[in-house]
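> Next input, structure requested:
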Amino acid sequence: MKNYKTILALSLAMASLCTACKKGKKQTKKEEAEVVIDWVEKDIAIVEMESNAKISTWNKASTTLNGQNIEYVYSGAEFLNAPGNKPLEYKVKIGLAGTYRFLWHCKVGEGTVPTEENDSWLKIAGVESFFAENPKDKHVVLPHGKCTLGSDPATDNCPTGAGSGGWFKVYSNNTTDWTWRAKTNDKVAYEIFATIDKPGIYSVFISARSAHHFINRFVMYNVDKYTEAQATSLSLTPTD
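Okay, here's the model as predicted:
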């Protein structure tokens, strides 16, 4: 009888343990589902540059723009032909597949020439395609290190200008003021895009090129969901 009671007690304990395990599994699945649901409407990423934990390797400052205080960063060091120096990595959460345009809010930080102190290096990793497009004829180029250089314009998809290792040289043009511009390709400006084929977390890398290229924030927005004017409003709250 004693042995029977012992076996019964052990059986009840095991059953209780299994029930707890099942509940634990259900809770984990629920949490995963909540994460997916949370991403469903994430068709834009809005990121403040100073939010990076390693931003101490860059210089920080602030100014007032149209009555609003903004913070910005700049590298303080020049790496014109060497992408990857003083790199900053930003993790962006995207929940909707599609084509996303990249823009940053930036300024020529020193001097009065729009083509100087106006650029930094950019790489977007993990996406299906990271490319630039001519807004007029829709010609596409890939970063140096990913493109094919050739004499035939139909097959040559390399940008004009510096670059290597999958980095685009990304600049503003035609102004020294604060502006939402991110261009690549010398002489003929191409716009920056990324094709995303599934929800996930993607890495945006920014590294130093011009010493005084001021950058306040950047956005990646789904071109089917937002206009440029909507995506670049400084009243928008940074996303997670």
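
> and His105, what are its phi and psi?
Main-chain torsions, His105, degrees, to the nearest 10: phi -90, psi 110.

> Kindly provide the distance from it to Asp240.
Distance from His105 to Asp240, counting by CB to CB, to the nearest Å: 19 Å. For glycine as for every other residue, the C-beta is placed from the backbone atoms N, C-alpha and C.

> Of those two, which one has the most company?
His105 (23 against 11; other CB atoms under 10 Å).

> could you pull out the strands for this structure?
44-48, 59-65, 68-74, 88-94, 98-108, 119-125, 129-133, 140-141, 168-171, 179-180, 183-184, 190-196, 200-207, 213-222 (DSSP state E).

> Looking at those, spot the one closest to Thr232.
Nearest to Thr232, of all the strands of the chain, is strand 179-180, at 4.3 Å by CB to CB.

> counting contacts, what elements does that closest one pack onto?
strand 98-108 (3 or more CB pairs under 8 Å, 6 or more residues apart in numbering; DSSP states H and E).

> mind listing what Glu78 touches?
Glu78 is in contact with 208-211, counting by CB atoms under 8 Å, 6 or more residues apart in numbering.

> On the strand side of things, show who Tyr171 bridges to.
Asp119, Lys183 (DSSP bridges).

> In this structure it contacts Glu117, no?
No: Tyr171 lies out of contact with Glu117 (CB atoms under 8 Å); the separation is 10.0 Å.

> Please name the residues that touch the residue most central in space within the chain.
What sits nearest the mean C-alpha location of the chain, by CA atoms, centre = their mean, is Val204, with 3.6 Å. Each residue near Val204 by CB under 8 Å, 6+ apart is listed here: 47, 89-92, 102, 122-125, 218, 220.

> can you check Ile70 too?
By CB under 8 Å, 6+ apart, the contact list for Ile70 reads 62-64, 105, 216, 234.

> which non-adjacent residue is nearest Ala189?
Lys183 (4.0 Å; CB to CB, 6 or more residues apart in numbering).
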